[in-house]
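A.B. asks: sequence unknown, structure follows:
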């Protein structure tokens with residue numbers, strides 16, 4: 001699977017994208033944990049206190065935004081593409 005990083009995440013990782021090979025469908029939380037193991041500097045940007053996706057993280061899976069509305073975390077497959085970026089506020 002490919003994880004494309006944007007903005008501050010790209011700067012932190014020093015890369016535009018990461019390629020991970022998943023042997024089986026893996027929960028979004030586990031994929032994020034794997035990314036953090038490879039790039040520890042992304043830790044608090046990707047993973048929240050409870051181990052799930054950080055509240056300020058915006059995730060799209062194959063172009064569709066995952067909203068994290070309290071349901072189960074989606075399963076990510078090897079052919080999937082994630083876009084990861086931080087929510088930005090402004091005024």
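C.D. replies: Yep, it's here. Keep in mind that this is a model prediction, so the values were computed, not measured. Residues are numbered from 1 along each chain as shown.

A.B. asks: Tell me the helices and strands packed up against the longest helix seen in the chain.
C.D. replies: When every helix of the chain is counted residue by residue (DSSP state H), the longest turns out to be helix 28-38. In this structure, helix 28-38 makes packing contacts with helix 43-46, strand 75-76, judged by 3 or more Cβ pairs under 8 Å, 6 or more residues apart in numbering; DSSP states H and E. (Glycine included, C-beta is placed from N, CA and C.)

A.B. asks: what's in contact with it?
C.D. replies: 1, 3, 18, 20, 22, 26, 42-43, 46-47, 51-53, 59, 61, 66, 73-76, 82 (Cβ atoms under 8 Å, 6 or more residues apart in numbering).

A.B. asks: again with stretch 4-17
C.D. replies: Residues outside stretch 4-17 that contact it (Cβ under 8 Å, 6+ apart) are 2-3, 18, 39, 41-42, 45-46, 81-86, 88.

A.B. asks: For burial, what's the neighbour tally of the closest residue to residue 52 other than its chain neighbours?
C.D. replies: In this structure, residue 52 finds its nearest non-sequential neighbour in residue 29, 5.0 Å apart by Cβ to Cβ, 6 or more residues apart in numbering. Per other Cβ atoms under 10 Å, the neighbour tally for residue 29 reads 18.

A.B. asks: do the same with residue 18
C.D. replies: For residue 18, the count of nearby residues is 18 (other Cβ under 10 Å).
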